[in-house]
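In: Generate coordinates for the sequence data below:
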Amino acid sequence: MRARRCAARITLTALIHTSAALLAGGSLAVTLWTGMEERPAALAFGVLIAVGELGRWTGARVREAAPLGAAGALSYALLGADAGQPTQHGVTQVVTVVLAASLLGGVPHIARGQGAMPDHLARRVLTVGFTAVCFQPLHNRGAFEEWSGPAYALLLLALLTLTALCDCVLAAALAHSRTGWPFGPLLRDELRGLLGIGSAVGATGAVMALAVAVVGLWALPVFSLPLLLTQLSFKRYAAVRATYRQTIASLARATEIAGYTPAGHARRVAELSRAVGRDLGLTRPELAVLESAALMHDIGQLSLVDPVPAGATATLPDAEQRRIALLGGAVVRQTGVDSAVAVVVERQADPYREQPVAARIVRAVNAYEEKVRDAGPGGPLRALEELRLGTAGDYAPEVVESLARVLARGCLTPLPAG
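Out: Residues are numbered from 1 along each chain as shown. Predicted coordinates for the structure are as follows:
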């Protein structure tokens, strides 16, 4: 069963990549055969896309890794005129220019081995191809000649909305194929991302196409500036978030450095908790709280005079577990970390029917990690069986079954951006 699921996910990725490769290869062949139309416009948009790809984010968990490149590509796909003169470039030229510029701008990232470039290129080619197919043939036949003013702008926004929805489906499908996480929550997270940088990309793409149609290619650098400044602001925000996560990770290691817990215990609990949270459909903000709480779930042990042997709190009496959890919550509150994280840490030892979902996950995963640590080759199965026997009062049944599914899949790879 596990082999069939993995094969299905690999087939999905291969299908998306093959579709993008066929579209790109066919477009390149047609363009080489027929030649380029409006070369100045193709060059200007190609440079814009390449610059956007050069500034692509790597490592940050963001919906759109290259917003300027994406906006430029969508704008070129929706370009109907240049300084009042109708354009005649078609779908194949749009895809060819976007592909060539994306590859050129991605060379430094490929050389450094950063980012999921095949997935990124497949999404870019397929989404831009979809937009161009919806717009360019009808425009070249004069179908939009009578559309003007607000009606034409609304048409572009409608096409961009459809394109964004298609891109969300592609991104969720690729993430599902890589990680095995449920498709529904992944798609929901992608759709939420449209409210942030996704909406800025779509609006900029439409404004660029409209502005170039009126004033020409000089509009590109002018209307690129707001999105570029937005990208810089998001980069600073991502840097702050990275520092925040590093601070939490450093605090979590305090119990290991002091000898209260085994090395790597907090990291393993956090990774497994995040995977279980994904399986249960938690949102990205909820996953962030869960991951932080899982990293810091043992920090209350620093207040103990006598360390718990091997840091194994799951075997302690309920009252002692709650005391350590409350001590941990008090420590977390003093660090300035989100109060929601402190709540999860404080309530991880409560009866599961009274716990929030994140606390249920941390408790079950921590117990599993402690039980399996020194149990030998058959440890995982025995640990899961013990957790199932404890579902009457200690562990939430849905969390234990989710944990079993995650372990069966063996997919604990974190989700990349872009």
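In: low-confidence ranges in the stretch 51-200 of the chain?
Out: 57-65, 113-116 (pLDDT under 70).
In: Quick check: residue 110 vs residue 72, distance?
Out: As judged by Cβ to Cβ, to the nearest Å, residue 110 and residue 72 stand 20 Å apart. C-betas here are computed from N, CA, C, even on glycine.
In: Skipping adjacent residues, who's closest to residue 70 in space?
Out: Among residues not flanking residue 70 along the chain, residue 201 sits closest, at 4.9 Å (Cβ to Cβ, 6 or more residues apart in numbering).
In: What count of nearby residues applies to that neighbour?
Out: Neighbour count of residue 201, defined by other Cβ atoms under 10 Å: 28.
In: contacting residues for it?
Out: By Cβ atoms under 8 Å, 6 or more residues apart in numbering, the contact set of residue 201 is 64, 67, 70, 71, 74, 227.
In: what about it, distance to residue 394?
Out: 47 Å.
In: Just the helices from the stretch 1-150 of the chain, written as ranges.
Out: Here the stretch 1-150 of the chain has its helices, by DSSP state H, counting those that start in this stretch, at 2-34, 39-54, 67-77, 91-111, 117-140, 150-179.
In: Ok, which of the ones you listed comes nearest residue 409?
Out: With Cβ to Cβ, the closest approach to residue 409 among the helices of the stretch 1-150 of the chain belongs to helix 2-34: 6.8 Å.
In: Would you indicate which residues of the closest one are buried?
Out: In terms of neighbour count (16 or more other Cβ atoms under 10 Å), helix 2-34 has its buried residues at 9, 12, 13, 16, 17, 20, 23, 24, 27, 28, 31.
In: And the pLDDT at the last one?
Out: As predicted, residue 31 sits at a pLDDT of 91.
In: now it: how far from residue 107?
Out: For residue 31, the distance to residue 107 - Cβ to Cβ - is 21 Å.
In: who's more crowded, residue 110 and residue 72?
Out: residue 72 (32 against 11).
In: Next, the contact list for the nearest residue to that one once chain neighbours are set aside, please.
Out: Using Cβ to Cβ, 6+ apart and skipping the chain neighbours, the partner closest in space to residue 72 is residue 48 (3.9 Å). If you count contacts by Cβ under 8 Å, 6+ apart, residue 48 has them with 68, 69, 72, 101, 220, 224.
In: got JSON lines for those, with distance to residue 39 too?
Out: Formatted as JSON lines, these follow (distance: Cβ to Cβ, whole Å):
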{"residue": "68", "distance to residue 39": "22"}
{"residue": "69", "distance to residue 39": "20"}
{"residue": "72", "distance to residue 39": "17"}
{"residue": "101", "distance to residue 39": "14"}
{"residue": "220", "distance to residue 39": "15"}
{"residue": "224", "distance to residue 39": "20"}
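In: now, which of these sits nearest residue 95?
Out: Looking across those and measuring by Cβ to Cβ, the closest to residue 95 is residue 101, at 11.0 Å.
In: Kindly reformat the helices of the stretch 1-150 of the chain as a markdown table and extend each row with distance to residue 322.
Out: Compiled in a markdown table, the helices of the stretch 1-150 of the chain are given as follows (distance: least, Cβ to Cβ, whole Å):
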| stretch | distance to residue 322 |
| --- | --- |
| helix 2-34 | 38 |
| helix 39-54 | 52 |
| helix 67-77 | 47 |
| helix 91-111 | 49 |
| helix 117-140 | 45 |
| helix 150-179 | 34 |
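In: Of the ones you listed, flag the one that's most buried.
Out: helix 67-77 (a mean of 29; mean count of other Cβ atoms under 10 Å).
In: How about residue 163, nearest residue that isn't a chain neighbour?
Out: residue 131 (4.7 Å).
In: you'd agree that neighbour is up against residue 78?
Out: Yes. Taking contacts as Cβ atoms under 8 Å, residue 131 lies within contact range of residue 78: 6.4 Å.
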